[in-house]
Every structure is written in structure tokens, then in C-alpha cells.
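K.L.:
Structural data only, the sequence is not supplied:
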């Protein structure tokens, strides 16, 4: 049983019965070179290290408390915590349902050696005590901590034994240890942790701990905080996170005082200088937006008049054709209104990074050292299948995150491997090892982008604007290191397979040898040894094996957490020049952000909820390990292209009113798209027009990646001051008043008042948190802390619900085993049972488009979101340029929209807190796939018109042509104005129109069918991951574009193309050889047929592929369709007879 050494484990005696839980159990174990596991836990000591005689004796659990004496001096707390953190980073934590949490100490993580002191499995000196193979204690630079002047190397456990049981004698020189020498060597006095009393509240950063630390430092060591003195000298106010400004202009917001009398007048200093916002809203020029709005209403009126005219003037000769066309046109008009109304108020926004730096990272009265006061950010990267999502792509994404321009100690990266593959694990370890060179190189030379693969493949001069004389040499060396890194990562599959085969063969030989020794002369039976997957240190991989086995398959394996890079030190760590580091980093901070590998537990019989479940597991694990108040989620193929992107998003979160923002959505930008963007992969109309327009309402929708979340918004809480911001219905019709029971809030804490769920709750009852969030007291305790740390800076009286300046400048707690063990428990498969995870909290379950539903729930509670378009693209990723992959991607999106429409997430059921036009936008999200039904019918109407010789109107009258001309012109003018205020070009708009029809006639129709099957018949829909791997032709960057993979989704567009081509030929032939040619009807039908074919041209071009590569089935289908339609037409309207006697001889259909 591992006993937690820190106070981060909440005392169960302070909790109500329903919140009490057992402390995390950790079994420390290590595999010796002989193959035997040595358990470091007392409960296993009798089994592993004692002989059989003693193991039969029953021992009682007891604890011996030995008071400190001159002969019993404990290790300095600062040293012991850092050493334990080193042990944690070198341990692979596993566990789950009905299993003990095990911390497996690893000698190495990958085959290659690691040298960075933060890296897991870092090679260090071995302990010189005979029989001990432990590693010597080390500091943040990786240097050995040697407690004796004789420099005798000793590990932590042996040192503790020598101090407590060996009379504090050094085993090397036999001289007593000098504790002062140990302190001087191990820990810088300026970095000593404050001797705070161990309590639940002190484990988490609270306002009292941050704002009053100056007074604690000023008092004698061990003395308690003088609260009366603090109130007198700063004129502070009581309350957790209180942002009250005294009327006299004296005390700081929330009591954010300092250490002397001068700091008590901080607000007047802020008011004396002009307050500068972090962001600004740029309205669209009136010369553009006013004509745009006028055209929208003009076209709306013309559409209404045109539809009324169409209804009143039927085509009596072809009433069926007229009826179908009118129904389709009415639906198209309704769909256009849903799409156009939310676009009436587009906005642009800009940020001021200089103001952000001035407010949060410059020395001031409350931050004399100039440490960063920015909040922490946890970055999530999700991956599931290393075959479809190459580990090299994920590794490059990880390195771009680690190199982001954000305070290193405030950044944490979590990689979710939902497949539990050893290949991903070792690729992440290789990435962490290479980051030791790459990240300092980026900081030294200000590299952009900070994705190695993208940087080294840039098609521009890499030496432009580089002023340092050693840049060329450094770049050449880094390029060589990166090429070797790629070789190692690409060779991992073969390396893991060869290693596993070798270990399995050894185990088989050992089993066979043992069988022979036991059997003697008896006949031997064949031995079957499990084909296990082995890690680099010669132990079994606890998750998914290459050859599936019980407890080791994709859907059945234990949870795994590995701290690849332990949390960095609080102070900058300058590099050096030497054999270990071939590049001069003496002026560069070489610290790396924390990197954690997470593979949640999976067991048969549990619904793991795909990506949404994996993201929720990361939310819980990160809350326990780092608890960043903000979360940035990225797909494994979306990397940080702009190193300051996180700062750009933080400008919105930390600005006035930022506490009401649930997320900041960045646009998705893509690389590797063909220059013509044949299938509208850039999707610029959506990201640059629709999303900008939604930003002028309640905010853009969440699109699944590149989104900076507020953690408490994901927890399902309402926004602050939600009752002060009324929705559309409230402002128009008022809101019925409900009788409430008077509640005395005089003693309620500020954090509870800021955390509300539902309309009828003035204050959240924290005793209900375990029922909502699960039984982890760590997680429950972290919620108010995350809420407080995510508040904007209270540097102006107009900022409500703010935090005092300098509250986040203290270092965060070090990791210990109990923290990681708790993280293992919250990623187990059973943790979400009987909780609100996936229902109200976290990513929402029940839809393949969990991103849209999650954003909708937040907007429905009254939160706002922001669209952040940066001058330099914030993130870049890859998109499928292959036609089949693109159609399947659109199919998944459309199917999710159909599910939304038939669920309680339908915008028609939205709450009063959602704005009217925002509701219209979400309604369009659920309705747009149904347009495919009418679109397919309308695409067949020109062909039916040509076949029958009729048209949708009686005659091409002047009225019809005028209506058609006005509707077309207004559409073109609207497109031009949208291009004007959005910045896209005309070709991108036209590509979007083309793929709208391609997707509408293929994927959208299939989505409607699948959605109805799920709703009516309960048939579940399964989707495969979109492949991120490149094509087989390495010489052609766009090889996938010409790859044709047949899918049933191609049938409807192919049929439409063939029927319209045949109909045009039939129409021309009829008109030319007719006695009285009807040219008006022919021109009407041909015009609309060419309109359909022009939109489907990219689809037809995609089917052709490259010469000689078109699948045979395409020609087979085309021939069959052409023959069938020809025979059908001949059977319906044969050319023989008296009427057509002048054309030729008679014909009789057999």
C-alpha cells in the first residue's frame, strides 16, 4: 500500500459520508534483470521477499511514529518531493476495474537513450550500495544529488535507510551526514516551498495562499498567517475570489494586497492610468454590410413573390412536373432563409498581445518578480489507430505543442491513445527525447512553424530574417537529428515486432526447459506461450498487444498513464554546451512542458463512447494532475502553426466579460490540398463566412478541434451573472416570477456563488458534486480552483467576477504517486457509472458529431463563444483529398446532424437563454441534410423535362424570366459582397457551391437514410477513422487525389450525370426532327441540365482518376445506366408510327 506523502489527498473525515472514498492504492514494483518482480509495497513484502516460513505468519497492520531526534532527521521536504516526482516520471502507472493500481518503475522507455532531466527513463548514475540497482537522486538539471562530501552515490531509499537506521552515517566514508550540506547542494534557498500546514485547501491554489504569501514570507519560519495584519495593511475584504472594490478606492479587488502599505493603494494606481482592453471588435464597413443586408431582404421578398406566382400559375399540361418543382423550390427558399438570416451581423476581432504581456508578465506592485500570471492550459491530443493516424504525424503535433510560446510551467500536454498501442507509446517517448533539441532550437532562433516536418519542407528561404551567426550550423545539425528521429519512429513497428518475437521465443524456451525438468522421461505435450508485446525494458506492455489476448486487446485492457516529461521547475533553466548537447543553448531556457501519455481502461460490456469518452477521461485526469483552467483540444493531425495562438485565445478569455466565454474557436486551415481544391476541402465559405457571422450573435459552433475551452463550462455550470443576461423570449415577453425560499447567502463562499447549474439554484450545493462528477474527492476539490484561476484580471472596477493580480505567480505542486494513482482511477471504465458525465458534463454522448452537441449545450445554458481569426494561421492540419474519403467524412457530419434533429438537442427545444438567430443557426445544422431529398428530385427534373417535352412552367413567359433573372442576380451580388467582407476569393465560393450539390446528392441522402434507421429501427451506425496517411506515390504530393475507391455513395451522382447527358441528346434529337420544334422548352431543360452537370463536374473528374487507373466498375455502371435508360425511353415513347413517319421506318419494342 502506497501512503501518500503530500496533503493532496483530501481527508475523508472532513467529508460527508457520500463523498468519502478510499485512498488510492499504489503497488510499486520493479523487474530485476533476472526476470523477477520486486514489489516495494509492504503488503507484498511477505510474498516476495520473505521466505515461506515467515510468509505464513499473520501480520497486523500498524504504524510506528518516531519523533525527530538528532539521530532521526527526515529528508528535507523540498528534496523528498522532487525525488518522488522523479520516481513518478519514471513509473508506468496501470490499473482499472477490480485491479490494484501498479506503478512499474522503468529502466528505459525506448531503445534509444534519453538525456533530458525531465524525460521518463532518463539515464542516471546507479546507487553504489551493494545489491541495490536504484538510481541516484537528481535535481532539475539531471545532476546527481550527493548528500556527502565524499560524493558517495546513493539512491533515495538507501539514503533514508542510512539516516533513520544507520545513525546518519555515510556508507562510503563512514562519516555522519551534514544536513546543511545536503540542503545547499540539492535545493536553491530561493526555491524553497513555504512551510504551509497540510490541509485540503492548501493543496490547491487558493486566493488566501496566493495573495497572502508575501506576509507569510515576512514572518518567521513556521509561524501562522496574521490575518488581522493583512486586513489592516491592505484593507482587504473577506471571501474566496472576492472582487469587491471599496468605495474609498483603497483595497484591492478580492483583497489582492501585497506585503506593505504602499500596495494597499493599488486600485487608484490602476485608475490613474488608462485601462487598455486585450481585444477589439471590428465592425464590417457600412458600405459593405448595408447593401448586403438590403440584398438579403430584397431577395427574400422576391422569393416570396416568385413562389406565390408559381403556385397561382400551374402547368396544366404537366401538373406532376409543376408540382414536384414547386415543392422543391419552397424547401430551397426555406433552407436559404435558415442559412442566410444568421449572416446579418458578421464581425471581425483583433487581439493586442503587447497588452497581454504587460498585464500578466511584467513586474508590478503585485508581481515584483515579473513571473507569469497567466492561467494554466491543458492541451489534449487524441489518437486511436496508429495505422490510420501515423505516429510520426502525432509526434510532430506534440512537438509543436511543446514549443508553443506560452509559459512552460503553465502548459501541460496530454496524449489520449484510445487504441492502447505500444507503437504510439514509444513514438511519444521518441518525440519527448527529440524535443530536448528541437524546442530550445525553436526558442533560440524564433522558428515558425514549430512542427519539424512542416518547417523542413517549407518552400521558402529558411534563412530569411535570421540574424544569429550560428543559425546555419544549428539548423543543419537539427535537420540531421530530425532525419534520424524519423528513421527511428518509422522503424518502431519492426523494432517492436522483432523485440516481442525474441522475448516470446526466450519465454518459450524457458517454459520448455522447465517442462522437461518437471516431466523427466514422460511424453511432453506441446507448449503454447502467449504472444505478448514487450516494452523496451523487457516487460509486458499492459495495454493492447499485437496479437490480441485476454486483458490485452483494443476493447479489453487496463488503464495506462505515463508521465513522459515531468513538470518543469518554476525558474528558467539555461542550457549548456557539451557532449550531451551539440548546440549552444547557454542563453536559452531548455525546460519542457509536462507531457503525459494516457490510455483509458477498456473492458467488454461497457460503452466507451468513442472520442467523446476519451476526451472526458482526459478532462478528469488533467484536473487531478495539473488542473489547468483552460483546455485546448487538437486532433493528432492538427498542429500549432502559430506559436502565439494560445496567447491570442487567452486575450479573449482574460478580457472584460471573458468569464462568460465558454470557448474560443479557431478556424481550421489545411495543408496538402490540391491547388484547385477540387472537393472544397478548405471549406472557406463555412470557416470565413458562416463562422464570422455567428460570432456576431452568440458565438460560433464548436467544430471538434482547435478550440480553447473554459474548464468549468465543460463541467456543465452556468455562466456568471446568467440571470442578468436575458434571452430573446425574456426581453420580449418577460419571465414569470417564481416563488423562492429566502436563502441566507451571507456566509456562502464566492466560489459556490460562481458555480451554478440550472435556473432555480442560487447556489450550488457542493455535497451534490460527487453524484454529478463521481466519487473522486481530488476532482471535486479541483472545481472551484479551476473556476477561480480562469477568471479575468480584476484590474478595473468594471470587471466583475475577477481575480486579483499576482494570484497565479506561485509554483504549482509537484507530482506524487497518489496523484497519478487517482488519475488512473478516474480513467477507469466504471468511473462514469451513475454520474452526469456525457449527459451534462464534458463532451456529450449519443451523437457521432459530439462536437456540435457539446457546443450547443453550452450556448443553451447562456454561455458565449468567440471566433478567433489570427493574422498567421493558428493551427494547420490535413484533410482527405480523395473523393471517397471526403464523401465518408461528409457522411459522418451529416449523420450527426440528422441525429441532432431527432434528439432533445434540436434547436426547436432550446432554452430561453439562446438568442433567436443563434437558434436558427443550430436549427439549420440539424435540417440541412434533408435538403438532399429535394435536391435529388430537382436534379432529375431537367432530364424529365427533356424526356417528356414539357417544362416546369407552361411557357417561358416574361414574368418567369424576370423573376429568374432577379433571383440569380441577387444571389451573385450576395456572393460578391460575402467575398468582400470575408476575404475569400470567387473560386473558393464556386468550389463550395459545386461540392454542396455533390455532397447533397450522395452523402447527405445516405445520412438521412441512416439517421432514420437509427431513430426508427434502432440500427446503430459505425464509422471508420479518416485516414491521415499519405498515398503510395511518394513522388506526387497529390497522389490520393487520383486514387479512385468505389463506394455506393457514388451511385446517385453518377446516375444523375448519365440521365442528364442522355436527356440532352434525346431533347435535341426530338426538337431537330420535330415538325414544330419547341425551342423554348428545349432551352429551359438544357439550361438546367447544364447547371446540374457544371456542379457535378469535379465529381466526374474525380471518377476518371489518372489515365488507365479508372476502375472498371465505373464504365460498367455507366454503360448499364445508358442502355437501361435508352430502352426505357424507347418502351415509353417508341419512334415508330404515323406521327413520326417522316423520321424513318417503324420500330416495335420486342
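P.N.:
Now that the structure is in, tell me what you want to look at. Worth saying up front: this structure is predicted, and the values here are computed from it rather than measured. Numbers count the residues shown, from 1 in each chain.
K.L.:
Would you mind listing the buried residues in the helix or strand hosting residue 975?
P.N.:
If you go by DSSP states H and E, residue 975 is part of helix 958-982. Buried residues in helix 958-982, defined by neighbour count with 16 or more other CB atoms under 10 Å: 960, 963, 966, 970, 974, 975, 977, 978, 979, 980, 981, 982. For the C-beta atoms, the positions are set from N, CA and C on the backbone; glycine is no exception.
K.L.:
check contacts around the closest residue to the first one other than its chain neighbours.
P.N.:
In other words, residue 960. Distance criterion CB to CB, 6 or more residues apart in numbering; nearest residue to residue 960, sequence neighbours excluded, is residue 953 at 5.3 Å. When contacts are counted by CB atoms under 8 Å, 6 or more residues apart in numbering, residue 953 touches 310, 313, 315, 322, 960, 1084.
K.L.:
Weed out the non-buried ones from those.
P.N.:
Buried among the contacts of residue 953 by 16+ other CB under 10 Å: 310, 315, 322, 960, 1084.
K.L.:
The third one: what's it in contact with?
P.N.:
Spelled out, that is residue 322. Here residue 322 is in contact with 314, 315, 952, 953 (criterion: CB under 8 Å, 6+ apart).
K.L.:
pLDDT score assigned to the residue nearest to it when sequence neighbours are not counted?
P.N.:
In space, and not counting its chain neighbours, residue 322 is closest to residue 315: 4.0 Å by CB to CB, 6+ apart. Per-residue pLDDT puts residue 315 at 87.
K.L.:
quick revisit: pick out the most distant pair among the contacts of residue 322.
P.N.:
314 and 952 (10.0 Å; CB to CB).
K.L.:
Between these two, point out the one with more neighbours.
P.N.:
Taking neighbours as other CB atoms under 10 Å, residue 314 and residue 952 compare with residue 952 leading, 25 against 14.
K.L.:
Now do the SS call for the more buried one.
P.N.:
Classification of residue 952 using DSSP: H, G, I helix; E, B strand; the rest coil returns coil.
K.L.:
Surely it touches residue 320?
P.N.:
No: between residue 952 and residue 320 there is no contact under CB atoms under 8 Å: 10.6 Å.
K.L.:
tell me the contacts of residue 691?
P.N.:
665, 667, 700, 701, 867.
K.L.:
and the two most separated of these?
P.N.:
Greatest spatial distance among the contacts of residue 691 (CB to CB): 667 and 701, at 12.2 Å.
K.L.:
picking up where we left off before, who touches the helix holding residue 975?
P.N.:
284-285, 288-289, 291-292, 295-296, 298-299, 302-303, 305-306, 309, 340, 343, 346, 684-685, 688-689, 692, 953, 984-986, 989.
K.L.:
do the same with stretch 471-484
P.N.:
434, 437-438, 441, 444-445, 452, 456, 462-463, 582-584.
K.L.:
picking that back up, phi, psi for the residue nearest to residue 322 please.
P.N.:
The phi and psi values for residue 315, taken as degrees, to the nearest 10, are phi -90, psi 100.
K.L.:
Equivalent analysis for the one 3 residues further on, please.
P.N.:
Recorded main-chain torsions at residue 318 are phi -140, psi 70, according to degrees, to the nearest 10.
K.L.:
any idea how far it lies from residue 328?
P.N.:
To residue 328, residue 318 is 15 Å away according to CB to CB, to the nearest Å.
K.L.:
cool, and residue 391?
P.N.:
48 Å.
K.L.:
ok, now residue 486?
P.N.:
Distance from residue 486 to residue 328, by CB to CB: 53 Å.
K.L.:
Repeat that for residue 1055.
P.N.:
Distance of residue 1055 to residue 328, computed by CB to CB: 18 Å.
K.L.:
Equivalent analysis for residue 433, please.
P.N.:
60 Å.
K.L.:
So which residues of the stretch 451-600 of the chain form helices?
P.N.:
Ranges of helices within the stretch 451-600 of the chain are 452-456, 471-490, 492-519, based on DSSP state H, counting those that start in this stretch.
K.L.:
So which other helices or strands are in contact with the strand or helix carrying residue 1062?
P.N.:
Using DSSP H and E, residue 1062 falls within helix 1051-1073. Counting contacts by 3 or more CB pairs under 8 Å, 6 or more residues apart in numbering; DSSP states H and E, helix 1051-1073 packs against helix 931-948, helix 1079-1095, helix 1097-1104, helix 1112-1132.
K.L.:
and if we set it to 7 Å?
P.N.:
The helices and strands touching helix 1051-1073, judged by 3 or more CB pairs under 7 Å, 6 or more residues apart in numbering; DSSP states H and E, are helix 931-948, helix 1079-1095, helix 1112-1132.
K.L.:
Let me see the mean pLDDT of the helix holding residue 975.
P.N.:
Averaging pLDDT along helix 958-982 yields 91.
K.L.:
hmm, who's touching the very next helix or strand once past that helix?
P.N.:
Using DSSP H and E, the helix or strand that follows helix 958-982 in sequence is helix 986-1000. With contact meaning CB atoms under 7 Å, 6 or more residues apart in numbering, helix 986-1000 is reached by 677, 679-680, 682, 684-685, 890, 931-932, 935, 975, 979, 1053, 1095-1096, 1098-1099.
K.L.:
what sits against residue 293?
P.N.:
Taking CB under 7 Å, 6+ apart as the test, what residue 293 contacts is residue 344.
K.L.:
10 Å - rerun?
P.N.:
Counting by CB atoms under 10 Å, 6 or more residues apart in numbering, residue 293 makes contact with 343, 344, 345, 977.
K.L.:
now the first one, nearest residue through space, not along the chain?
P.N.:
Think residue 343. residue 693 (4.0 Å).
K.L.:
And the one you found, which helix or strand is it part of?
P.N.:
Short version, using DSSP H and E: residue 693 is in helix 691-695.
K.L.:
Now find how far off-centre that helix is within its chain.
P.N.:
Relative to its chain's centre, helix 691-695 lies at 21 Å (CA atoms, centre = their mean, to the nearest Å).
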